[in-house]
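Peer 1: Got a predicted model here, sequence first, then my questions.
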Amino acid sequence: MAETKELPLMEKIVALCKRRGFIYPSSEIYGGINGFWDYGPLGAELKRNVKELWWNTMTRLRDDVVGLDATIIMHPQIWKASGHVDTFSDPMVDCKTCKGRFRADQLDEIPCPQKPSKTVAQCPGEKTPPRAFNLMFQTWVGPVQDESALAYLRPETAQAIFAQFKNVLETSRQKVPFGIAQIGKAFRNEVTPRNYTFRSREFEQMELEYFIRPDEAVEAICGRVAAVEELLARGPLGEPQPDWGWQAWHKYWVEERIRFYESIGLPRETLVEYWQKPEELAHYARATVDILFKFPFGKRNERGELIGEELEGIAARSDFDLSQHERYSGKPMRVFDEELRAAWAKLDPARQQALWQRYFEHRKNYLTRTARPGETPEQIERAAREDADAFAKGHYIPHVIEPSAGVDRLVLALICNAYAEDQMPDEKGNLETRVVLRFHPRIAPIKAAVLPLVRNKPELVRKAIEIRDTLRPHLTVFYDDAGAIGRRYRRQDEAGTPFCITVDFDTLGEKGPELKDTVTVRYRDDGRQERLRIDALLPWLLERIR
Ligand code: ATP
C-alpha cells in the first residue's frame with residue numbers, strides 16, 4: 001500500500017479500474033487502440049445505472065419529456081444542415097521534431113512525448129501552422145465506395161431528435177413546451193484523445209432537446225415574459241410557469257441538472273457552473289452553461305488549482321436547429337399554437353405590431369446569417385415577413401434548450417469522486433490502509449454482497465444462497481464464498497459495494513434462538529456492523545439504494 005501512495009491519483013484510479021474490472025483498454029490483446037475503451041463487469045453495471053437514472057429522471061418521472069432511440073448512421077444531409085460537415089473541426093498542428101499530431105488549442109496541456117515532464121507547448125520542436133481537421137468518422141453505405149454513398153457516424157445524438165421532431169410531436173400528443181430525450185453512442189475522431197476515458201473517440205451521450213415557445217409568443221399569451229433576475233431573487237425557480245421565456249427555462253435546466261448530479265453523489269463543491277463568455281459562444285447560442293467537475297486533471301487557475309473540466313453543456317440554441325432542418329429538408333418544422341392564435345386576436349394593434357416586428361427581426365437575423373450564395377436581401381426580407389405573418393396566426397418554429405451530457409465522463413467523475421484510501425482494522429484489529437470506492441448506493445454497481453462465513457457448512461451455504469435468490473430480482477447482488485471474510489470485505493470495498501451481508505453461525509441459531517435467521521450487515525464506509533432479521537433485509541436495502 002505504501003507503494004500505491006506515491007503514485008499520482010489518476011494512475012491509482014486507472015490501475016484500480018483495470019484490476020477490478022471497471023474499464024479496460026479496447027482491443028488490449030492487440031496493443032489497444034487509442035481513444036477507445038471497454039467497460040468490464042463492474043463498469044458495465046455502473047454505466048447502466050447512470051443511464052437508467054438519467055432516463056428515469058428526464059423522461060419517466062416527467063409528463064413533458066418523451067424518449068427516442070435513433071440510428072447512428074443517418075442521411076448525410078443532416079450533417080450539412082447542422083453545420084458539422086463544414087465546421088465541426090479542431091485546429092491541428094504537427095510537430096516536425098517528434099512527428100506528433102496535436103490540437104493547436106491544447107498544446108499547453110498535453111505532455112511532450114519526448115519529455116513528458118514538459119508540455120508540447122514547451123517542447124522546442126517546430127510546429128506546422130494549424131489546419132482544420134474534421135472530427136467526423138466517415139463510412140460508405142452500400143457496396144459502392146464513392147461520394148454518393150458517403151455517410152457519417154453521428155458525432156452527437158442531438159440531430160436525430162431534431163430530424164424526428166415532427167414525428168414525435170404528432171405521435172406523442174405533446175405540446176410545446178416539451179422535450180425529447182435520447183441516450184446513445186457518438187463518435188468523434190479526436191486529434192488527441194486523452195485523460196483516460198475523458199476524451200474518447202467513441203463515447204455515449206445523454207441529450208435532451210427541450211422545445212419552448214419563442215419569447216414573443218410567451219409575451220403575447222401571458223402579457224409579459226418573467227424577468228429571470230426577479231425570479232432568481234426569490235430563490236430556486238421551482239415548477240415551470242407559463243410566463244417563462246428562454247432565460248428562465250435555461251436556468252431551470254441548469255438547476256435541474258446540478259440537482260441530478262447531487263442526487264447521484266457528486267457533492268455541490270465538486271461542480272462548477274461556468275457561463276460561457278460572449279466570445280466563446282457558438283454563433284447560434286444565446287447562452288451556454290458548462291457544468292464542470294473537478295477531475296484530478298485538466299486546466300488550472302493562476303493559483304495552480306484545478307478549475308474543472310466539462311461534464312455537460314446546457315445551451316440555449318434559439319430556433320437554429322429546427323430552422324436549419326426546415327431549410328435543408330424542405331419539410332415544415334413549425335408548430336401551431338392555439339393559445340397564441342387566440343391571444344393574438346385579443347392584443348391591441350400596437351402590441352401586435354411590436355411583437356410582429358421583434359419576431360420579424362429575429363427571423364431576418366437568422367436568415368441573413370445562414371444565407372446561401374446568391375440569396376438576396378429582398379428574398380431574405382420576404383421570407384422573414386412570411387415567418388412573422390405566420391407567427392401572428394399562431395405558427396412558429398420552437399426554440400430549444402439543450403442539456404447535453406457525456407455518460408463516460410460522468411462515469412469517470414463518479415469513480416474519481418468515490419475513490420478514497422483510509423485506515424480500517426484488519427481481522428486482528430491492526431489498522432491497515434484500504435482502497436474504497438464510496439459510491440452513492442444509487443449508482444453502485446453491486447448493491448449488496450452475500451457472504452457465507454465459511455463455504456464448507458452446507459446449512460450455512462444454503463441459507464446464504466436463499467438470501468441471494470430472494471434479493472436478486474430486486475437489486476444487483478454478488479455472492480462470494482472464497483477466502484477470509486476480511487479479504488472479501490476489502491474486495492467489495494474496492495468494488496464500491498455499500499452493504500455486505502454475512503451469514504454466520506448465529507444465523508443458524510447456534511448461539512441461541514434470538515439470533516436465529518438474522519445476518520450481519522456491514523457498512524462499506526465505516527465498517528460498522530449491525531444485526532438484521534433476514535425477512536427485514538429486502539425492504540431495508542431497497543430504502544437505502546433508491
Ligand atoms: P469538449 O469541449 O470537451 O470537446 P464539447 O463542448 O465539444 O466538449 P459537446 O459537443 O457539448 O462537447 O458534447 C456534449 C457532451 O458530450 C460533453 O459535455 C461531454 O460530456 C461529452 N463528450 C463530448 N466529446 C467527448 C469525447 N471526445 N469523449 C467523451 N465525452 C465527450
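Peer 2: All right, it came through fine.

Peer 1: give the contact list for the closest residue to the ligand within the stretch 251-400 of the chain.
Peer 2: With Cβ to the nearest ligand atom as the measure, residue 313 is the residue of the stretch 251-400 of the chain nearest to the ligand, at 3.8 Å. Where C-beta positions appear, they are placed from N, C-alpha and C, glycine not excepted. Contacts were defined as Cβ atoms under 8 Å, 6 or more residues apart in numbering; by that measure residue 313 touches 288, 289, 290, 291, 402, 403, 404.

Peer 1: Correct me if wrong, but the fourth one is in a strand.
Peer 2: Same thing as residue 291. Yes: under the criterion used here (DSSP: H, G, I helix; E, B strand; the rest coil), residue 291 sits inside a strand.

Peer 1: burial of the closest residue to it other than its chain neighbours, as a residue count?
Peer 2: Of all residues not flanking residue 291 in the chain, residue 312 sits nearest, at 4.6 Å (Cβ to Cβ, 6 or more residues apart in numbering). The number of residues packed around residue 312, counting by other Cβ atoms under 10 Å, is 24.

Peer 1: pLDDT weak spots in this structure?
Peer 2: Per-residue confidence for the chain (pLDDT under 70) gives these ranges: 1-7.

Peer 1: Can you tell me which residues in it are near the ligand?
Peer 2: For the chain, the contact set with the ligand under Cβ under 6 Å from any ligand atom comprises 156, 188, 190, 199-200, 203, 205, 310-313, 404-406, 408-409.

Peer 1: Can you flag which of those belong to strands?
Peer 2: Using DSSP state E, 203, 205, 310, 311, 312, 313, 404, 405, 406 are the members of these that sit in strands.

Peer 1: residues contacting residue 265?
Peer 2: By Cβ under 8 Å, 6+ apart, residue 265 lies in contact with 414, 417, 418, 439, 440, 442, 443.

Peer 1: Centre-most residue in this structure?
Peer 2: In the chain, the centroid-proximal residue (Cα atoms, centre = their mean) is residue 405; its distance is 2.6 Å.

Peer 1: excluding its backbone neighbours, what's nearest that one?
Peer 2: In space, residue 405 comes closest to residue 312 once its chain neighbours are excluded; the distance is 3.8 Å by Cβ to Cβ, 6+ apart.

Peer 1: dump the residue contacts of the one you found.
Peer 2: With contact set as Cβ under 8 Å, 6+ apart, residue 312 has these partners: 257, 290, 291, 403, 404, 405, 406, 410.

Peer 1: Out of these, which is nearest to residue 116?
Peer 2: Here the nearest of the contacts of residue 312 to residue 116, counting by Cβ to Cβ, is residue 406; it sits at 26.4 Å.

Peer 1: Would you check how far apart that closest one and residue 443 are?
Peer 2: 15 Å (Cβ to Cβ, to the nearest Å).

Peer 1: swap in residue 103?
Peer 2: As for residue 103, its distance to residue 443 is 32 Å (criterion: Cβ to Cβ).

Peer 1: the more surrounded of these two?
Peer 2: More neighbours surround residue 443 than the other of residue 103 and residue 443, with 24 against 20 (other Cβ under 10 Å).

Peer 1: got the buried residues for the helix or strand where residue 13 lies?
Peer 2: Residue 13 is located in helix 9-20, with elements delineated by DSSP states H and E. Within helix 9-20, the residues that count as buried by 16 or more other Cβ atoms under 10 Å are 10, 12, 13, 14, 16, 17, 20.

Peer 1: Likewise for stretch 132-152?
Peer 2: Under the neighbour-count criterion of 16+ other Cβ under 10 Å, stretch 132-152 has 133, 134, 135, 136, 137, 151, 152 buried.

Peer 1: Residue of the stretch 401-546 of the chain closest to the ligand, please.
Peer 2: Distances from the stretch 401-546 of the chain to the ligand, computed as Cβ to the nearest ligand atom, single out residue 406 as the nearest residue at 2.3 Å.

Peer 1: Excluding chain neighbours, what is closest to whichever residue of the stretch 151-300 of the chain sits closest to the ligand?
Peer 2: Relative to the ligand, the nearest point of the stretch 151-300 of the chain is residue 203 (3.7 Å; Cβ to the nearest ligand atom). Spatial nearest neighbour of residue 203, chain neighbours left out: residue 408 (4.6 Å); criterion: Cβ to Cβ, 6+ apart.
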